[in-house]
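> What would the 3D arrangement of this be:
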Amino acid sequence: MNSAPTVGRRPRAPLLAATLALLVIGAWAAVRGLEAGGVLGDRDDGRTVLLWAPVALLLILQSVLYACERPHRADAAGQRALDELRIAVLVPVYNEDPAYLRAALTALAAQSRRPDAVHLVDDGSDDGCPAVEKWWTRHAAEAGIRTTWQRTPNQGKRHAQVTALREADDADIIVTVDSDACLAADALGEVLQPFADPRVQGSAGLVVAANHRATLLTRVTDLYFVANQLVDRSALSPLGAVMVAPGSLAAYRAPVLRDNLAAYLGETFMGRPVHFSDDSLLTLFALLRGRVVQQPSAVVLTAMPERTGHHLRQYLRWMRGSTIRSLWRARHLPLTHPAYVAQLLRWFLQLVCTGALCWMAVLHLRHDIGFSPWLATVPLLIGYAQALRYLTVRRSDETLAHQTVTWLLTPLALLWAWTVLRAVRWYATLTCGRTRWGTRAGGPEVVLTAPVTA
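Residues are numbered from 1 along each chain as shown. Reported below is the predicted structural model:
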């Protein structure tokens, strides 16, 4: 099995300048559109501006914050302390494609900073991947990595992680990795860098698609998710308030998990056990103890859904979990915590945007105010500006020209997000009491048909 593609970062300055230019043009188009439509004027008395002004200010604040994000770098003393930490990787496995699983384990063994231990738990898969187990046991021994491989009845990802955790009594840092997640060669060493700061309790990696060329869906999904991580999560990282560290690659100080095992395994919502949103719950535990940051240089390649049905079921599960977790953050985080404030601002933005759109519709009906085409360009320009973050990721298996073509698909990604995914999100909110997992019950849903090559 070949190694994963190398992933780096392109110079930020040109892309930041282009982002600023697009945002300025977007602001100008918004003003022109409101003037042309008659919204700005005597008939409105500035009320629409008052509705949209907070949204504009929050957009500016978010842009400044994500522009300030930098990969964490330990000094010499901090690096010596990091080198002494014992690292255990937990890998839950359930109905995984054997080729993806083998690629993930190959990447773990090839890390520039190798883990001290890798603990796998097969959570009642239909086929326990015995060939991969036999190969990995031998391969890990050759690499000098202590490993265990257990099989249990199907009880869910959290039980699998806790079963693996019980084999890691001596670990200082716990790293969670999904069974289809192929780490870039330096990902483990990079995701550890923030822990040189004793305030940091959790560190999130950057997730990109391993199968981004498989279908149009995976290509658009890769654009949407990478840009979202490098905008939303990157804006929260300087505040130490990242709200979800991805299961594909996240690291925590060991007490974050060990001290919360009962709450982790026993979470209920509306009287029902919660079987998803494990990543965001671990992140919440870490936020209650200190800072959670993103390390954008810690890159992991993971399998994205290649079929629409799988994609929608995965997103539905994520959004149900997001609804539950947002309530937990409001309930458990201190009022002054940046993540608490960020959660309130998310709710505020949803209400303001809905209210402003309704108010403009009322103005249109009552005063015969027209809709200017200029306004239609505003979300498109903002979307293109934020999606430029996708181009900061440089992959050895993809040219800049190919990435630029993907970036040009931003209108398609926005249309999908505003229509289909928005409807799924509202449906997820209304049905968040359904707390089952919802995918892989019938076996692997994404199969590796071509090797992950450099």
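
> low pLDDT regions in the stretch 151-300 of the chain?
By pLDDT under 70, the stretch 151-300 of the chain has no low-scoring segment.

> OK, contacts around residue 128?
Residues counted as contacts of residue 128 (C-beta atoms under 8 Å, 6 or more residues apart in numbering) are 122, 151. (Each C-beta comes from the backbone N, C-alpha and C, glycine too.)

> One more: residue 132?
Per C-beta under 8 Å, 6+ apart, neighbours of residue 132: 98, 101-102, 105.

> residue boundaries of the strands in the stretch 351-454 of the chain?
Secondary structure of the stretch 351-454 of the chain (DSSP state E, counting those that start in this stretch): strands at 393-395.

> since we're on residue 79, how many residues are nearby?
15 (other C-beta atoms under 10 Å).

> Pick the one among the contacts of residue 132 closest to residue 346.
Proximity of these to residue 346 (C-beta to C-beta) peaks at residue 101, which lies at 35.3 Å.

> Next one, pLDDT for the closest one please.
According to the prediction, residue 101 has pLDDT 94.

> counting contacts, what elements does the strand or helix carrying it pack onto?
Assessed by DSSP states H and E, residue 101 sits inside helix 98-109. Helix 98-109 is packed against strand 87-93, helix 130-143, strand 182-183, with contacts defined by 3 or more C-beta pairs under 8 Å, 6 or more residues apart in numbering; DSSP states H and E.

> Would you tell me which of these gets closest to residue 54?
Using C-beta to C-beta as the measure, strand 182-183 is the one of these that comes nearest residue 54, at 40.0 Å.

> For the closest one, give me every contacting residue.
Contacts to strand 182-183, defined as C-beta under 8 Å, 6+ apart, come from residues 4, 100, 103-104, 106-108, 111, 177, 210, 249, 299-302, 452.

> From those residues, pick the one nearest residue 331.
Nearest to residue 331, judged by C-beta to C-beta, of the contacts of strand 182-183 is residue 249 at 27.8 Å.

> Out of the helices and strands packed on helix 98-109, which gets nearest to residue 19?
Among these, the nearest to residue 19 by C-beta to C-beta is strand 182-183 (28.8 Å).

> immediately after the closest one, which helix or strand?
Next along the chain after strand 182-183, taking DSSP H and E as the criterion, comes helix 187-192.

> Please enumerate the strands of the stretch 151-300 of the chain.
Along the stretch 151-300 of the chain, counting by DSSP E, counting those that start in this stretch, strands occupy 173-176, 182-183, 200-209, 250-253, 268-269, 272-273, 291-302.

> Now render those strands as TSV, adding distance to residue 344 and mean neighbour count.
Below are the strands of the stretch 151-300 of the chain laid out as TSV (distance: least, C-beta to C-beta, whole Å; neighbours: other C-beta atoms under 10 Å):
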stretch	distance to residue 344	mean neighbour count
strand 173-176	28	25
strand 182-183	35	28
strand 200-209	21	26
strand 250-253	24	26
strand 268-269	21	14
strand 272-273	27	12
strand 291-302	18	26
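
> closest one to residue 232 among these?
Residue 232 lies closest to strand 291-302 among these, at 10.0 Å (C-beta to C-beta).
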